[in-house]
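Chemist: coordinates only, no sequence provided:
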């Protein structure tokens with residue numbers, strides 16, 4: 001027999017592709033078709049708005065990422081243009097159903113970003129990842145690991161500032177207690193216009209301690225504002241609120257300004273042992289890698305997110321079950337480390353990359369008051385790069401099996417035999 005060139009890995013059975021698509025569709029149904037209690041329903045005039053809302057950018061990125069697997073999987077059995085058309089039709093169906101679901105808001109943005117995510121999946125599978133793609137993925141892993149440090153830096157405002165004590169705002173539950181006094185860095189912050197706005201801006205930027213004397217109200221059933229500092233454009237710089245018996249601290253930062261989300265620093269059960277109408281002193285302060293809160297003589301520190309849990313913090317997982325936050329803090333450095341190692345040229349390169357990124361992450365988290373150091377997460381990241389280097393060959397083999405052969409219709413055969 002004449003010697004032949006190495007054959008291409010056989011593609012995955014279509015049954016597996018359809019099984020994965022079924023799982024994806026079930027997940028999409030849970031994410032998009034269950035009632036939401038996250039906030040009031042938007043006005044119908046918002047349908048045409050792109051990137052609107054407090055987490056508009058986060059919604060855009062999430063839609064792109066969620067529909068990317070649909071495009072990638074369907075590209076193995078159908079032509080690309082058909083995949084994009086199906087993604088668009090599926091989105092129209094979802095948006096139509098959402099019109100009758102409480103808390104769900106159909107939007108043109110979803111149609112565009114979902115279709116774009118499917119198109120990206122098609123291109124990823126049919127065209128593959130070249131050398132530039134591997135470098136881009138490695139850079140993405142580095143940025144994703146270090147980004148929380150920059151995204152959580154407090155931001156000031158050059159506009160006039162106002163103090164608000166238990167404000168009554170539209171579509172938000174009011175706090176049914178009372179603020180008796182407030183100070184930032186020892187400087188009083190009154191209710192109303194702040195004449196010493198430059199000093200307040202400096203105190204916010206330097207993370208001075210905030211202290212409140214309040215008459216405690218009943219536990220609110222949704223987020224209620226106890227105290228905040230806002231500018232004339234109604235952008236909050238510092239907010240202290242309550243939800244149930246949790247105490248919550250928010251601030252304006254790049255993550256909030258970029259509409260990624262409004263992350264909370266949360267002390268669960270802080271007000272559990274405090275009776276309504278009781279007067280207490282609340283104090284919030286930041287140190288190196290730590291956020292501390294106190295209610296009278298009770299104190300809780302290490303409330304700032306770790307670097308490994310930074311994106312979980314940005315996704316507001318403080319309100320989620322503790323096991324979910326722990327799972328994200330474990331999975332995030334593992335996934336980034338595997339990605340970094342799989343895009344390396346070998347074990348030596350992966351080890352150098354992993355050790356360097358872990359060391360840089362520890363250094364910046366020691367410097368930052370907004371993210372606490374995370375030695376276990378850094379070690380896991382470094383070890384995961386070696387795992388990624390080990391998995392590089394199996395992952396490449398799996399990728400070749402997933403991609404349809406060049407020049408061959410990925411759709412159903414039309415009677416043509418194989419030659």
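Modeler: Received the coordinates, thanks. What you see is a predicted model, and the numbers here were worked out from it, not measured in a lab.

Chemist: for the protein, which spans come out with low pLDDT?
Modeler: Residue ranges of the chain with pLDDT under 70: 1-13, 36-48, 51-54, 103, 128, 262, 288-289, 313-320, 395-419.

Chemist: now the helix ranked longest in it: buried residues?
Modeler: Selection of the longest helix in the chain by residue count, based on DSSP state H, yields helix 375-402. Buried residues in helix 375-402, counted by 16 or more other C-beta atoms under 10 Å: 377-389, 392, 402. The C-beta positions use only the backbone N, C-alpha and C, and glycine is treated the same way.

Chemist: closest to residue 155 among the residues you listed?
Modeler: residue 377 (26.0 Å; C-beta to C-beta).

Chemist: residues touching the closest one, list them.
Modeler: For residue 377, the contacting residues are 306-309, 329, 332-333, 361, by C-beta atoms under 8 Å, 6 or more residues apart in numbering.

Chemist: bridging residues for residue 249?
Modeler: Residue 249 has the following beta-bridge partners by DSSP bridges: residue 240, residue 265.

Chemist: neighbours of it, how many?
Modeler: 20 (other C-beta atoms under 10 Å).

Chemist: that one and residue 210: what is the separation?
Modeler: To residue 210, residue 249 is 8 Å away according to C-beta to C-beta, to the nearest Å.

Chemist: which neighbours do those two share?
Modeler: Counting by C-beta under 8 Å, 6+ apart, the shared contacts of residue 249 and residue 210 are 238, 240, 284.

Chemist: can you tell me the SS state at residue 142?
Modeler: Secondary structure, DSSP: H, G, I helix; E, B strand; the rest coil: residue 142 is helix.

Chemist: so who does it touch?
Modeler: Going by C-beta under 8 Å, 6+ apart, residue 142 touches 340, 357.

Chemist: so it versus residue 351, what's the distance?
Modeler: 15 Å.

Chemist: what does residue 253 give?
Modeler: For residue 253 relative to residue 351 (C-beta to C-beta), the value is 34 Å.

Chemist: with residue 294 instead?
Modeler: 43 Å.

Chemist: before we move on, what about residue 255?
Modeler: To residue 351, residue 255 is 32 Å away according to C-beta to C-beta.

Chemist: more neighbours: which of these two?
Modeler: Just comparing residue 255 and residue 351: by other C-beta under 10 Å the higher neighbour count belongs to residue 255, 26 against 17.

Chemist: what residues does the closest residue to that one other than its chain neighbours make contact with?
Modeler: Nearest residue to residue 255, sequence neighbours excluded (C-beta to C-beta, 6 or more residues apart in numbering): residue 151, at 4.0 Å. Counting by C-beta under 8 Å, 6+ apart, residue 151 makes contact with 253-255, 258, 260, 310, 314.

Chemist: show me where the protein has helices.
Modeler: 14-33, 56-74, 80-98, 108-127, 131-151, 197-205, 254-257, 310-314, 322-342, 347-367, 375-402.

Chemist: any idea of the angle the third one forms with helix 14-33?
Modeler: Between helix 80-98 and helix 14-33, the angle comes out at 30 degrees (axes from the mean of the first three to the mean of the last three C-alpha atoms, to 10 degrees).

Chemist: and the longest one, by the same measure?
Modeler: With the same axes, to 10 degrees as the basis, helix 375-402 and helix 14-33 are set at 130 degrees to each other.

Chemist: out of the contacts of residue 151, which are buried?
Modeler: Buried by 16+ other C-beta under 10 Å: 253, 255, 260, 310, 314, out of those.

Chemist: hmm, residue 197 is touching residue 162, no?
Modeler: No: judged on C-beta atoms under 8 Å, residue 197 makes no contact with residue 162 at a distance of 9.2 Å.
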